[in-house]
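Engineer: generate coordinates for the sequence data below:
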Amino acid sequence: MARPLIAGASEGVRAALSTFIPLALIVLVAWATAGSLSGQMGDALRGSFWVWLGAHHLTFSLSLSPSGIPGALSFLPLGALIFPFIAFRGALNRIQRQFGQRDGKARLGTKERQAFIGLFLSYTAILILASFGSRSADVHPRWWWAPLIVLSLISAAQFTLTVPTGAPSLLRDLTRITVMVVGALLGIGAFAYSLSLLFHFSVVRDLYAVLDAGIIGGVLLTLLGILTLPNMAISALSYLLGSGFAIGSGTLVSPGIHRLNEIPAFPLLGAIPTQVHPYLYFGGLIGLGAGIFVMTILKRTSLRDIRFGYLLLPLVLTAVIFLLTLLSNGSVLGGALTTIGPSLWQFPLLFLAQVLVGMGLKISYDKWGPK
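Structural biologist: Numbering: from 1, shown residues only. Modelled structure (predicted):
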């Protein structure tokens, strides 16, 4: 039992170093080129750990100076999760090659499960140690989320390795359709956001000028923007479907409502519409189209043979949309920016309603439409 656990723990250390070292180098380069006279090397190292923790979506509790008002930082770039995800996928691949089953079945062997446990325990311990070691008087990483984050990432990585080959046909069909639909919806959201970014390019340029980050800082700010694009795509999709999104407490930006006074100095937010566009409520047709597509393709899969199979897929799609919404929104510092992103309940429920209506339209057409 000791050998698989040790091997898994070693893979956890390897995965942690493979994600931390590149991010730490980027932060240290930024610190070295910033030319600050008051900055210290210890602050740069602490910042490296914060960036690494944030890449895992580990949120932070803040004590805002000079008043000490409590705040939080939970609006984190969704795209940054790709780094620990790739690291875990590589670790799981190596574990499976060393301890995996040789009979082609999806089930995990005893040694493989023990290695997974070692991977989970070592990586979680590293995250927790980094959280305690990097905390300051004003910034407290929320270390208690570490076990859930690591378990979720390992499970997602293992899922992508198992489903294409060893999973039952029902799970493969469900996964394939979910990836197709959600991927297409996020693509539409990203395209809509890109158009808005193009139309408001002067605002984006002005925000870059206000920040005056310099060459290195500008590159890093652009990299941060790229990693935040999935967050923006989800908000854009919510806007198109009609539920909109918030940029601060009491705000709402949707096709028919524009309740927003100012935006934070972050270039990507320059793409936010500056007025209402009621005609964009036709974006709800995207949700109806998703429902029609789902109903069309369901008849060609194994889901049609199980009870409530037609209802299972819309619920799974809504759960995925909820999870993406949860990961893509949050708060920045506190005060006016305690709420950023789509509503956690309005957006998924509206999406579910539109998909169900689209499925109903498809059923009605097949039953009473022209033959």
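
Engineer: any idea how far the helix or strand encompassing residue 130 is from the chain center?
Structural biologist: Per DSSP states H and E: residue 130 is located in helix 110-134. Taking the mean of its C-alpha atoms, helix 110-134 sits 22 Å from the chain's own mean (C-alpha atoms, centre = their mean, to the nearest Å).

Engineer: which ones are touching the residue lying closest to residue 91 once chain neighbours are set aside?
Structural biologist: Leaving out its chain neighbours, the residue that sits closest to residue 91 by C-beta to C-beta, 6 or more residues apart in numbering is residue 11, at 4.0 Å. Placement of C-beta: from N, CA and C, glycine included. By C-beta atoms under 8 Å, 6 or more residues apart in numbering, the residues touching residue 11 are 91, 94-95, 115, 118-119, 122.

Engineer: show the model's pLDDT score for residue 11.
Structural biologist: Here, the pLDDT recorded for residue 11 equals 94.

Engineer: going forward, count from 26.
Structural biologist: Renumbered: residue one is now 26, and that last one reads residue 36.

Engineer: pLDDT of the host helix or strand of residue 119, averaged?
Structural biologist: Per DSSP H and E, residue 119 falls inside helix 107-124. Averaged across helix 107-124, pLDDT comes to 92.

Engineer: show the subsequent helix or strand relative to the helix or strand where residue 208 lies.
Structural biologist: Applying DSSP H and E as the criterion places residue 208 in helix 194-224. Sequence-wise, the next helix or strand downstream of helix 194-224 (DSSP H and E) is helix 226-236.

Engineer: circling back: okay, buried residues for the helix holding residue 155 please.
Structural biologist: Using 16 or more other C-beta atoms under 10 Å as the burial criterion, the residues of helix 135-159 that qualify are 136-137, 139-141, 143-153, 155-156, 159.

Engineer: confidence score at the residue nearest to residue 373 when sequence neighbours are not counted?
Structural biologist: In this structure, residue 373 finds its nearest non-sequential neighbour in residue 347, 4.3 Å apart by C-beta to C-beta, 6+ apart. With respect to pLDDT, residue 347 scores 97.

Engineer: number of residues surrounding residue 347?
Structural biologist: Neighbours of residue 347 under the rule other C-beta atoms under 10 Å: 17.

Engineer: sec struct for it, please.
Structural biologist: When classified by DSSP: H, G, I helix; E, B strand; the rest coil, residue 347 comes out as helix.

Engineer: right, and it touches residue 369 too?
Structural biologist: Yes: under the criterion of C-beta atoms under 8 Å, residue 347 makes contact with residue 369 at 7.0 Å.

Engineer: any idea how far residue 241 lies from residue 276?
Structural biologist: Per C-beta to C-beta, to the nearest Å, residue 241 is found 33 Å from residue 276.

Engineer: Throw the contacts of residue 36 into JSON lines and include distance to residue 310, thanks.
Structural biologist: Shown next, in JSON lines, are the contacts of residue 36 (distance: C-beta to C-beta, whole Å):
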{"residue": "116", "distance to residue 310": "43"}
{"residue": "119", "distance to residue 310": "46"}
{"residue": "120", "distance to residue 310": "46"}
{"residue": "140", "distance to residue 310": "48"}
{"residue": "143", "distance to residue 310": "50"}
{"residue": "144", "distance to residue 310": "45"}
{"residue": "147", "distance to residue 310": "49"}
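
Engineer: and the two most separated of those?
Structural biologist: Largest separation among the contacts of residue 36 by C-beta to C-beta: 119 and 147, giving 14.1 Å.

Engineer: which SS state does residue 325 fall under?
Structural biologist: coil.

Engineer: just the element for residue 254, please.
Structural biologist: Here residue 254 is assigned to helix 239-266, by DSSP H and E.

Engineer: in that helix, what counts as buried?
Structural biologist: Going by 16+ other C-beta under 10 Å, helix 239-266 has these buried residues: 245-246, 249-250, 252-266.

Engineer: ok, residue 121 - contacts?
Structural biologist: Taking C-beta under 8 Å, 6+ apart, one finds 137, 186 in contact with residue 121.

Engineer: rerun at 10 Å
Structural biologist: 133-134, 137, 140-141, 183, 186-187 (C-beta atoms under 10 Å, 6 or more residues apart in numbering).

Engineer: nearest residue to the residue minimising distance to the centre of the chain other than its sequence neighbours?
Structural biologist: Nearest residue to the geometric centre of the chain (C-alpha atoms, centre = their mean): residue 103, 3.4 Å. Distance criterion C-beta to C-beta, 6+ apart; nearest residue to residue 103, sequence neighbours excluded, is residue 255 at 4.0 Å.
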